[in-house]
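> A structural model of the following input is requested.
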Amino acid sequence: MKAAVAMSGGVDSSLTAALLLERGFDVIGLTMQLTADDDDLFASDRRCCSLNEASDARRVADFLGISHYVIDLRADFYNYVVKYFVKEYIYGKTPNPCVECNKFIKFGALFDYAMELGADYFATGHYARVERVGDRYQLLKGVDTRKDQSYVLYNLRAEQLPKIILPLGAQSKDETRRLAEKFNLPVAHKPDSQEICFVPNDDYKNFLRSNAPSAPALEHGYIVDRDRKILGRHEGAAFYTIGQRKGLGIAAPEPLYVVGTDVERRQVIVGHSSDLFSTTLTVRDAHWIYPVELPLRAEAKIRYSPRVAPCTVRSIDNRIAVEFDEPQRAITGGQSIVFYDDKIVLGGGKITVDAFTTNG
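As a prediction, the model looks like this:
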């Protein structure tokens, strides 16, 4: 059986290839080219899908003795990930580009390319699991709750699941390091990539200004309280996140936090800690791996963290509405909400905040 492995040059995807080879699969490595060879966006040694990472993927493939292909996905990546990232920010939202990359690029274009090559399976180094539960293949949380990456995979489609292998989901990152050493992989001690791959030096401000220089969200404006009283100035509403306390540059008798933004008025809205808590939100671009019947009791994550919260999901006026049992802190428009039935991923969508703010 042939398995195509998405190889980024890091230890996770490299070990995935080694494990499948050990299990007897005919393994081929696929590496995504996401930028031009002379583009400096990916120049950092530790960025996912950088030129250095592609070289490491080739080195690991040679070490394992498997075929390796570099797939040109530059146009798709720019259109579906980079443009989305910029657009969300300039509309006052906080995007998660990894969710879009997995949906459209890794488990979109690259998955399709693997199938065209005649692969029976497509494998990645994500810390999540695909297992048969009853009569269905299900996407499950990774065993290591600290490393679980099921949150960024909620857009997987039911028909893809039987063809997906995620061999690292049943183990911890420490086990991955130990196995990589056991296989003598050239990248066994390579540090993990932490930054957004297309934002040079992790400098969001310069990146956004270069790509949307005239956007109101990037212009100077006022920091105001919930009554719209002016408290100070800011350098661009897009540069502030919900829950932020530091770096506001305003004096107040008690701590103030960013609780919303109003892009059209060029305002950053601040309030007290209690103003950050809410029990409700609505969802756009909802995706369910299998059809569900609403209302639905579930657990949900509103950000990439181990914490889940019980909630009820309803359909109201053709919108998906979520009500949590307990108030949640810093619900942020543009981030993803992902629904779980215990360890099973049901689906998710993007958060819309319907309050005094246009952040949703």
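
> for the protein, name the helix or strand with the lowest mean pLDDT.
helix 51-64 (a mean of 90; mean pLDDT, DSSP states H and E).

> phi, psi for Y69 please.
phi -130, psi 140 (degrees, to the nearest 10).

> same thing with N79?
Main-chain torsions, N79, degrees, to the nearest 10: phi -70, psi -40.

> mean confidence score for stretch 261-276?
Per-residue pLDDT over stretch 261-276 has a mean of 96.

> now do that stretch: distance from first to last residue.
Its start and end residues considered, stretch 261-276 measures 13 Å (Cα to Cα, to the nearest Å).

> give me the low-pLDDT residue ranges for the protein?
36-51, 194, 354-360 (pLDDT under 70).

> one more time with 90, if that's ok
35-54, 191-202, 204, 213-214, 251-252, 305-306, 317-319, 353-360 (pLDDT under 90).

> the residue most central in space within the chain sits in which helix or strand?
Centroid check for the chain by Cα atoms, centre = their mean gives C98 as the closest residue, at 3.1 Å. Using DSSP states H and E, C98 maps to helix 97-100.

> the stretch 51-200 of the chain: helices as residue ranges?
With DSSP state H, counting those that start in this stretch as the criterion, the stretch 51-200 of the chain has helices at 51-64, 74-77, 83-90, 97-100, 111-116, 173-182.

> minimum distance to L161: which of these has it?
Shortest distance between L161 and the helices of the stretch 51-200 of the chain, using Cβ to Cβ, is found for helix 111-116: 11.5 Å. In short, each C-beta sits where N, CA and C put it, glycine included.

> tell me which residues in that closest one are buried?
F111, Y113, A114 (16 or more other Cβ atoms under 10 Å).

> for the residue nearest to the second one when sequence neighbours are not counted, which residues make a bridge with it?
If I follow you right, that is Y113. Spatially, and ignoring its direct neighbours in sequence, Y113 is nearest to I71 (5.6 Å; Cβ to Cβ, 6 or more residues apart in numbering). Beta-bridge partners for I71, by DSSP bridges, are M32.

> rewinding a little: in this structure the residue nearest to the centre of the chain contacts V152, no?
Yes. Taking contacts as Cβ atoms under 8 Å, C98 lies within contact range of V152: 4.8 Å.

> not counting its neighbours along the chain, what's nearest D72?
Nearest residue to D72 in three dimensions, chain neighbours excluded: Q33, at 4.9 Å (Cβ to Cβ, 6+ apart).

> might one say that that neighbour is in contact with D76?
No. Using Cβ under 8 Å, Q33 is not in contact with D76, being 10.8 Å away.

> spatially, which residue comes closest to E88, not counting chain neighbours?
Spatially, and ignoring its direct neighbours in sequence, E88 is nearest to P95 (3.7 Å; Cβ to Cβ, 6+ apart).

> next, count neighbours for that neighbour.
Neighbours of P95 under the rule other Cβ atoms under 10 Å: 21.

> show me the contacts for it.
The neighbours of P95, taking Cβ atoms under 8 Å, 6 or more residues apart in numbering as the test, are Y84, F85, E88, Y89, G334, Q335.

> same thing but 7 Å
Listed by Cβ atoms under 7 Å, 6 or more residues apart in numbering, the contact set of P95 reads Y84, F85, E88, Y89, G334.

> name the element the residue lying farthest from the centre of the chain belongs to?
Within the chain, the residue lying farthest from the chain centre (Cα atoms, centre = their mean) is P253, at 37.1 Å. If you go by DSSP H and E, P253 is not part of any helix or strand.
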